[in-house]
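A.B. asks: how would this look folded up:
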Amino acid sequence: MFKYIFYFRDNIISAYYFRNSIFESLKYKGDLNIYFEKEEFWKWWKEKVNYNGENVDFCIVSDTKIEQPENGIEYSNETTWKKDEISSFLKMNKIKEEIKIATFPSMLEDKEVLEKTIFSVNHLEKEVIEIKGNESPLARHFLKKTLDIDI
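C.D. replies: Here you go, the predicted structure:
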């Protein structure tokens, strides 16, 4: 089974393959963001991942109502997406606006928490990172800007 996560906002979509706790972006002509035209996007996606009817597990993060992707895609029996994986994706992409999240196939046991639920950055826990040692000013600046914490 293959896991994919899609981030859709303002008619722009980004696609990622999730494997070994890593989100690998699927680029369209070198670009991470793709203007979403339903039929063309799914045709591109199938070609990009060389889709041959394998079972997939989708997670869609969107600023609008989420519809199930086109027919002709075989979903696994149960989703394997976990809340912490999706939260990690939201943090990685610095998604701050309120969004909707749905999985295909639908998440059965944690339905009220995840499926078609509104998430906002306020629901995400910030990681507290302790910086040890005498890093150079450049390293401290990088950490501050990258991790968005006060040092």
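A.B. asks: ok, now how distant is K91 from F23?
C.D. replies: Going from K91 to F23 by CB to CB, to the nearest Å gives 11 Å. In this view, the C-beta of every residue, glycine as well, is placed from N, C-alpha and C.
A.B. asks: equivalent analysis for T79, please.
C.D. replies: Counting by CB to CB, the gap from T79 to F23 is 16 Å.
A.B. asks: the more surrounded of those two?
C.D. replies: Shown here are T79 and F23; by other CB atoms under 10 Å, T79 has more neighbours (23 against 18).
A.B. asks: hang on, isn't the more buried one packed against D57?
C.D. replies: Yes: using CB atoms under 8 Å, T79 is in contact with D57, at 5.3 Å.
A.B. asks: overlap in contacts of the two?
C.D. replies: Common neighbours of T79 and D57, counting by CB atoms under 8 Å, 6 or more residues apart in numbering, are T103, F104, P105.
A.B. asks: closest one of those residues to Y75?
C.D. replies: Set against Y75, the nearest of the shared contacts of T79 and D57 by CB to CB is P105 (4.6 Å).
A.B. asks: wait, what's in contact with that closest one?
C.D. replies: Counting by CB under 8 Å, 6+ apart, P105 has contacts D57, Y75, S76, N77, E78, T79.
A.B. asks: can you list the shared contacts of T79 and D57 in JSON lines and add pLDDT, secondary structure and distance to Y17?
C.D. replies: Rendered in JSON lines, the data for these read as follows (pLDDT from 0 to 100; DSSP: H, G, I helix; E, B strand; the rest coil; distance: CB to CB, whole Å):
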{"residue": "T103", "pLDDT": "91", "secondary structure": "strand", "distance to Y17": "16"}
{"residue": "F104", "pLDDT": "89", "secondary structure": "strand", "distance to Y17": "15"}
{"residue": "P105", "pLDDT": "87", "secondary structure": "coil", "distance to Y17": "18"}
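A.B. asks: all strands for the protein, in order.
C.D. replies: Assigned by DSSP state E, the chain shows strands spanning 2-9, 12-19, 22-26, 34-35, 56-62, 99-104, 117-119.
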